[in-house]
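**Q** below are the sequence and a predicted model for it; my questions follow.
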Amino acid sequence: MDSRILLLIMLLPAVALAEEQVVPVASVEDNIRAMDTNRDGMVTATEIRAFLEAKNGKGYKHDLLDEMEAKAGAKSCASPFSRSFY
């Protein structure tokens, strides 16, 4: 019985220290709101690029973001079952 109390007394400071070291992280909703710079409710590939480069430096994931912007600029879906409405 005494060893259980002693163990509990020894672990309480460790638990308190672990709680203090938690760093708040932005939620997905917060990040999407930050990306939507023109406040139209939609995040474009250009806004995603600007957000990621602001956080991680210019040229971050350059190839991937270029491909994403090129696909976002396409006028129609490339799937075989889609048809043009224009």
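**A** On my side now, so go ahead.
**Q** with adjacent residues omitted, what lies nearest to residue 69?
**A** Using Cβ to Cβ, 6 or more residues apart in numbering and skipping residues adjacent in sequence, the residue nearest residue 69 is residue 45, 4.4 Å away. Yep, even glycine has a C-beta here, placed from its N, CA and C like the rest.
**Q** and the pLDDT for the one you found?
**A** Looking at residue 45, its pLDDT stands at 83.
**Q** what does residue 65 give?
**A** Per the predicted model, pLDDT is 82 at residue 65.
**Q** now residue 75
**A** Residue 75 carries a pLDDT score of 60 in this model.
**Q** helix/strand/coil for residue 69?
**A** helix (DSSP: H, G, I helix; E, B strand; the rest coil).
**Q** what number of residues lie near residue 49?
**A** 19 (other Cβ atoms under 10 Å).
**Q** in this structure it contacts residue 67, no?
**A** No: the pair residue 49 / residue 67 is not scored as a contact, 11.3 Å apart, by Cβ atoms under 8 Å.
**Q** can you show me the strands along the protein?
**A** For the chain, strands defined by DSSP state E do not occur.
**Q** okay, and the helix or strand of it with the least pLDDT?
**A** The helix or strand of the chain with the poorest confidence is helix 2-20; it has a mean of 64 (mean pLDDT, DSSP states H and E).
**Q** list the buried residues for stretch 33-53?
**A** Neighbour counts over stretch 33-53 (16 or more other Cβ atoms under 10 Å) mark 35, 43-45, 47-49, 51 as buried.
**Q** in helices, which of those appear?
**A** 35, 45, 47-49, 51 (DSSP state H).
**Q** what sits against residue 62?
**A** With contact set as Cβ atoms under 8 Å, 6 or more residues apart in numbering, residue 62 has no partners.
**Q** what about it, distance to residue 70?
**A** 13 Å (Cβ to Cβ, to the nearest Å).
**Q** circling back: next, format the buried residues of stretch 33-53 as a markdown table and append distance to residue 2.
**A** Output for the buried residues of stretch 33-53, formatted as a markdown table (distance: Cβ to Cβ, whole Å):
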| residue | distance to residue 2 |
| --- | --- |
| 35 | 57 |
| 43 | 59 |
| 44 | 65 |
| 45 | 64 |
| 47 | 62 |
| 48 | 59 |
| 49 | 62 |
| 51 | 57 |
